[in-house]
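Chemist: Predicted model, plus sequence, below.
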Amino acid sequence: MQDPQADASALPLPLLTALDGDHLEAHAHEAIRVSTLGADGWPHGAQLSVGEVLALDAQTLLVAMWPNSNTAQNMRRDGRLTLSLVHDGALLEIRARARLVAEQQTALGLSVFRLQVEQVDIHRAKYAEVLSGVTFRLYERDAAVARWREQIAMLRTHVQG
């Protein structure tokens with residue numbers, strides 16, 4: 001069931017806070033599923049961490065991607081994608097369009113994409129609460145969070161653009 005209270009073109013405020021780059025440890029185990037359209041016409045899935053996404057406002061995200069990944073190639077070619085995650089007891093599906101902003105960022109040579117949110121669907125059931133989506137355990141949590149801080153700092157340099 002779709003949440004009737006939600007603005008269909010904007011991210012919910014609590015999600016903006018979760019993706020503001022200041023709460024990495026609190027969300028270090030959560031993955032955001034990104035789905036793009038492959039060159040062969042089939043859906044392609046990947047995962048992002050909170051250390052690779054920065055919410056600028058309710059309709060704009062910056063994302064750091066491995067430049068040669070299938071996801072980055074699909075975003076360069078087509079630009080359409082869907083982000084899926086569990087938030088506030090519901091499944092969120094965020095449709096967006098991606099535009100390349102910068103390449104070769106940080107020592108990892110990451111590409112930066114600006115995502116313009118077009119539609120947010122909040123799927124909530126009256127009879128159940130969604131507790132989790134894709135999650136992971138970091139083998140070297142401190143090193144990962146340190147790298148994420150660097151990536152978020154880099155994303156913040158691309159706010160204009």
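Modeler: Good, I have the coordinates.

Chemist: how distant is the longest strand along the chain from the center of its chain?
Modeler: Ranked by residue count and defined by DSSP state E, the top strand of the chain is strand 90-105. For strand 90-105, the gap between its own C-alpha mean and the chain's C-alpha mean amounts to 6 Å (C-alpha atoms, centre = their mean, to the nearest Å).

Chemist: Need the contact partners of stretch 114-125.
Modeler: Stretch 114-125 is touched from outside by 1-3, 6-12, 58-63, 81, 83, 89-99, 101, 130, 158, 161, with contacts defined as C-beta atoms under 8 Å, 6 or more residues apart in numbering. All C-beta atoms are positioned from the backbone trio N, CA, C, and that covers glycine.

Chemist: quick one: buried residues of the longest strand of the chain?
Modeler: Burial within strand 90-105, assessed by neighbour count using 16 or more other C-beta atoms under 10 Å, is assigned to 90, 92, 94-96, 98, 101-102, 105.

Chemist: Which single one of those is nearest to L24?
Modeler: Checking the buried residues of strand 90-105 against L24 by C-beta to C-beta gives Q105 as the nearest, at 17.7 Å.

Chemist: ok, the closest one touching M154?
Modeler: Yes. Using C-beta atoms under 8 Å, Q105 is in contact with M154, at 5.1 Å.

Chemist: what touches both of those two?
Modeler: With C-beta under 8 Å, 6+ apart, Q105 and M154 have common neighbours 64, 112.

Chemist: hey, which helix is longest across this structure?
Modeler: helix 141-156 (DSSP state H).

Chemist: Contacts for that one, please.
Modeler: 21, 24-25, 28, 49-52, 54, 62-64, 105-106, 108, 110, 112, 138.

Chemist: In strands, which of the residues you listed appear?
Modeler: 54, 62-64, 105, 110, 112.

Chemist: mind putting the residues you listed in a markdown table, distance to A125 included?
Modeler: A markdown table is the format used below for those (distance: C-beta to C-beta, whole Å):
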| residue | distance to A125 |
| --- | --- |
| L54 | 30 |
| L62 | 32 |
| V63 | 29 |
| A64 | 33 |
| Q105 | 40 |
| L110 | 37 |
| V112 | 36 |
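
Chemist: Taking strand 90-105 as reference, get the angle to the longest helix of the chain.
Modeler: 70 degrees (axes from the mean of the first three to the mean of the last three C-alpha atoms, to 10 degrees).

Chemist: Pull out the buried residues from helix 141-156.
Modeler: Applying 16+ other C-beta under 10 Å to helix 141-156 flags 144-145, 147-148, 150-152, 154-155 as buried.
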